[in-house]
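# Here is the input, now give the coordinates:
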Amino acid sequence: VALGRHWFERGDLKRATGHFLDGLDIKPLMPHVWFRVGTISMQLEDWDTALRAFTEVVQQEPEEGDAWANVAAIHMHRKNPA
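The predicted structure is shown next:
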């Protein structure tokens, strides 16, 4: 996760996402990291990863309204409201 933060701060979003996901493979119960992966993935237009990330957030933190809103936004972008 630290390497993900390092590359995120330097603007290398693809590399940052890879490191964040590596960290999440080891310790998946970090909703704040999933949220960051979701926002980066939306910027990169990687909608599958973004949806997976925000779905993880809302499963771990059901009261996280911004994550719910991003799930809805992804479905609207894909024109798939289901």
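# For the rest of this, base every contact and every neighbour count on C-alpha atoms.
Will do.
# quick one: low-confidence parts of the protein?
Filtered on pLDDT under 70, the chain yields the residue ranges 80-82.
# now the helices for it?
For the chain, the helices defined by DSSP state H cover 2-9, 13-26, 31-43, 47-60, 65-78.
# JSON lines please, covering those helices and showing mean neighbour count.
JSON lines is the format used below for the helices of the chain (neighbours: other C-alpha atoms under 10 Å):
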{"stretch": "helix 2-9", "mean neighbour count": "16"}
{"stretch": "helix 13-26", "mean neighbour count": "18"}
{"stretch": "helix 31-43", "mean neighbour count": "21"}
{"stretch": "helix 47-60", "mean neighbour count": "20"}
{"stretch": "helix 65-78", "mean neighbour count": "16"}
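# how about E61, phi and psi?
For E61, the backbone dihedrals are phi -130, psi 80 (criterion: degrees, to the nearest 10).
# Distance of it relative to M30?
E61 sits 10 Å away from M30, going by C-alpha to C-alpha, to the nearest Å.
# Over to Q59?
For Q59 relative to M30 (C-alpha to C-alpha), the value is 11 Å.
# likewise T17?
Distance from T17 to M30, by C-alpha to C-alpha: 14 Å.
# F54 too?
Distance, F54 to M30, by C-alpha to C-alpha: 12 Å.
# cool, and S41?
Counting by C-alpha to C-alpha, the gap from S41 to M30 is 17 Å.
# Using CSV, write down the CA coordinates of stretch 3-19.
Only the C-alpha atoms of stretch 3-19 are listed here, as CSV (Å, rounded to 0.1, in the frame of the first residue of the first chain):
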residue,chain,number,x,y,z
LEU,A,3,4.2,1.9,-2.8
GLY,A,4,0.7,2.6,-4.1
ARG,A,5,0.7,5.9,-2.2
HIS,A,6,4.2,6.7,-3.5
TRP,A,7,3.2,6.3,-7.1
PHE,A,8,-0.2,8.0,-6.6
GLU,A,9,1.5,11.1,-5.2
ARG,A,10,3.8,11.1,-8.3
GLY,A,11,0.8,10.8,-10.7
ASP,A,12,1.5,7.3,-12.0
LEU,A,13,-2.0,6.0,-11.5
LYS,A,14,-1.7,2.7,-13.2
ARG,A,15,1.4,1.7,-11.2
ALA,A,16,-0.3,3.0,-8.0
THR,A,17,-3.4,0.8,-8.6
GLY,A,18,-1.2,-2.3,-9.1
HIS,A,19,0.5,-1.7,-5.8
